[in-house]
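Colleague: would you be able to build a 3D model of this:
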Amino acid sequence: MEFSGQYLTYEDYRALGGTLDQTPFDLLEFEARRLIDIRTFNRLKNITEIPQEVKLCEYKMINNINGYTKSIDKAINENVKSENTDGYSVTYATTSDIQDIIKSKNIELDDIISTYLLGVVVNGEHIMYVGVKWFVIAN
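Modeller: Next up, the predicted model:
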């Protein structure tokens, strides 16, 4: 499967210190890019030069998503939330715990996008602009 239109290339990811193999990177990059596209109303699609802030945002998001994916997988597969060895007790993860992990993930990703991309201008337009543009119509 080929992934095109990446905002952060695998080479850039590795140069920034990324440790994932190519395929997991491609999958996570796609997820991060889709979230960025949603928040920027696709303003980054088809631009020739991706701003550094976008690349750094995606790098941070990929690491964040990867960490949460591991937490969710562990909660689902092992189903153990905590263990106590004193009197030996085990607390199991519930659906609510998994939903809390997902909510935390979404909040953190939204914060990352806002931190890195607010104020970034591409083609004369703020990529996160959601306000109203006023146009003067000449008679």
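Colleague: point out where this structure drops to low pLDDT.
Modeller: Scanning the chain for pLDDT under 70 picks out 75-87, 89-93, 132-139.
Colleague: for the longest helix along it, packing partners?
Modeller: Longest helix in the chain, counting residues (DSSP state H): helix 52-77. The contact analysis (3 or more CB pairs under 8 Å, 6 or more residues apart in numbering; DSSP states H and E) places helix 52-77 against helix 10-15, helix 22-39, helix 95-117. C-beta here means a position set from N, CA and C on the backbone, and glycine is covered the same way.
Colleague: winner for burial among the ones you listed?
Modeller: Among the helices and strands packed on helix 52-77, ranked by average contacts under mean count of other CB atoms under 10 Å, first place goes to helix 22-39 (a mean of 17).
Colleague: still on that earlier bit, columns distance to K45 on top of the helices and strands packed on helix 52-77, output as JSON lines?
Modeller: Below are those laid out as JSON lines (distance: least, CB to CB, whole Å):
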{"stretch": "helix 10-15", "distance to K45": "18"}
{"stretch": "helix 22-39", "distance to K45": "7"}
{"stretch": "helix 95-117", "distance to K45": "14"}
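Colleague: nearest to S4, out of these?
Modeller: Comparison of the helices and strands packed on helix 52-77 against S4 by CB to CB identifies helix 22-39 as nearest, at 10.2 Å.
Colleague: report the distance from that closest one to the chain centre.
Modeller: Averaged C-alpha coordinates place helix 22-39 at 7 Å from its chain's average position (CA atoms, centre = their mean, to the nearest Å).
Colleague: what does it rub up against?
Modeller: By CB atoms under 8 Å, 6 or more residues apart in numbering, the residues outside helix 22-39 that reach it are 1, 3, 5-8, 10, 13, 18, 20, 44-45, 54, 57-58, 61-62, 65-66, 69, 109-110, 113, 117, 128.
Colleague: follow-up on the earlier one: to N123, which of the helices and strands packed on helix 52-77 lies closest?
Modeller: Using CB to CB, the nearest of these to N123 is helix 95-117, at 14.6 Å.
Colleague: check the offset of that closest one from the chain's centre.
Modeller: Centre-to-centre, helix 95-117 and its host chain are 9 Å apart (CA atoms, centre = their mean).
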